Structure formats: structure tokens, C-alpha cells
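Asker: predicted model, plus sequence, below.
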Amino acid sequence: MVLMLVGLVLFLGAHSLKIVPSAGAPLRQALGETAYKISYSIVSLIGLILLARGYSAWWAEGPPILYVPPAGMSHLALLLMLLAFIVLPAAYLPGHIRKTLKHPMLVAVKTWAVAHLLVNGDLPSVILFGAFLAWAVLDRISLKKRERAGLYTPPVFTPRWQADVTAVVIGLVVYGLFVWKLHLWLIGVSPLAMASAV
């Protein structure tokens, strides 16, 4: 439990520096741009490793079950994850998806978190995915406030359909790999097995 919580604090804490400019800006100035980015990456990586290991260890202990997901939720979760896998690469491509959603990365994180909360009612899962969902919502609110205050300027670009097609193709391929083998290999649970068990 402690390992996962420490990992969450490190990972989401590093990613929350932009949400609280009064904390992130002085740190960036003190360290310099390059050192700041390196430190940010190292802390994020350590946090990710700790929360992954901590989650697995806590889950293996047989943690408390807060709720039992309704039958059929695994199918909805698979559909939501397909959306998340398409939206995620769209965050880096100048397409209509990115222009419409404005912040596809946060949409992908929220969709991923909700999908997993639909099928996981154990305490570590609720804490993990609930924390990411809360962070993404707070980050989106922060972006709106910073934009109104003139502290953030959305990127300006001409959307291209080729970028959308690329996002969809990448999303479908990576999604297929995750459903087929990668999720089982990385997480230890097969989404297909969960869906077929319902």
C-alpha cells in the first residue's frame, strides 16, 4: 500500500507542478530548463515504477473489495479503452480530433481511468484510477484558468485529416496488441478473458 501511495505522490506530484504555477515556476527558474526537465523525468519514472510495483503487491495481498462491478461492464470498458487509445496519439498530431477535444491527453487519461473503475472495485484500483481521474479533471480546470489569465496559450494549427487517420491507425494497432497480449504480459490480466467470463 505504502509503495503505491508514494509512487502516486511522486508521479502525480511531478505532473501537478504546472497546475500550481507558484510551485513549478520557481523550481524551473532555480534549476534551469534542462535540469528541470531531467529532474521531472527522473521523478516521474521513479514514481511510475513504485506505483506499478506497489499496486501489484497490494493487489496480490487480496485487498478489500469496495464494490462488485455490474455484469457487462468489461465490454463497455473495452469500448472506452479503444477510444482512449485513439485519442492518446491524437494529442501529438495536428488533426481535427486534437482541435475538437483541445486536450486529448487529458481526455485519454480520464477515459482510461473511468474504464478501469468500471471493472475494478478493489481498494488499490479505486485509489489508483480515482487519483488519475481526479488529477486529469483538476489539470483541465487549471488549464482553463491559466488560459483566461494569459498564462497558457493553446497551440494554433491547421487540422489535417491525415493526422486523424494516423491517430486512428496507431490507436487501433496498439489497442489490438494490448487486448491480444500486452495487457496480460504487463499487468497480468487478460481483457479478453475478463470479457468472455461475463
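Answerer: Sure, I can see it. Everything numeric in this text was worked out from a predicted model, so none of it was measured.

Asker: what about the helices in the protein?
Answerer: 2-15, 21-31, 33-60, 73-90, 96-101, 104-119, 123-148, 161-177, 183-187, 191-196 (DSSP state H).

Asker: looking at the ones you listed, which is nearest to residue 67?
Answerer: helix 123-148 (8.2 Å; CB to CB). Bear in mind the C-beta positions are built from the backbone N, C-alpha and C, glycine included.

Asker: let me see the domain layout of the chain.
Answerer: Split into domains by automatic domain parsing, the chain comes to 1-62, 65-198.

Asker: low-confidence ranges, the chain, go.
Answerer: Counting by pLDDT under 70, the chain contains low-confidence residues at 21-25, 193-198.

Asker: and residue 132, how far is that from residue 150?
Answerer: Going from residue 132 to residue 150 by CB to CB, to the nearest Å gives 29 Å.

Asker: which one of those two is surrounded by more residues?
Answerer: Taking other CB atoms under 10 Å, residue 132 and residue 150 do not tie; residue 132 has more neighbours (22 against 7).

Asker: find the nearest non-adjacent residue to the more buried one, please.
Answerer: Residue nearest to residue 132 in three dimensions, not counting chain neighbours: residue 113, with 4.6 Å by CB to CB, 6 or more residues apart in numbering.

Asker: also residue 2?
Answerer: Distances taken as CB to CB, 6+ apart place residue 54 nearest to residue 2, at 7.3 Å, with adjacent residues excluded.

Asker: assess the claim that that neighbour and residue 3 are in contact.
Answerer: Yes: Residue 54 lies in contact with residue 3 (CB atoms under 8 Å); the separation is 3.2 Å.

Asker: comparing those two, which residue is more hemmed in?
Answerer: Per other CB under 10 Å, whichever of residue 54 and residue 3 has more neighbours is residue 54, with 20 against 17.

Asker: contacting residues around the more buried one?
Answerer: 1, 2, 3, 4, 5, 6, 7 (CB atoms under 8 Å, 6 or more residues apart in numbering).

Asker: just send these back as JSON lines, with distance to residue 86 too.
Answerer: Formatted as JSON lines, the contacts of residue 54 follow (distance: CB to CB, whole Å):
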{"residue": "1", "distance to residue 86": "34"}
{"residue": "2", "distance to residue 86": "36"}
{"residue": "3", "distance to residue 86": "32"}
{"residue": "4", "distance to residue 86": "29"}
{"residue": "5", "distance to residue 86": "31"}
{"residue": "6", "distance to residue 86": "33"}
{"residue": "7", "distance to residue 86": "28"}
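
Asker: which among the residues you listed count as buried?
Answerer: 3, 4, 5, 7 (16 or more other CB atoms under 10 Å).
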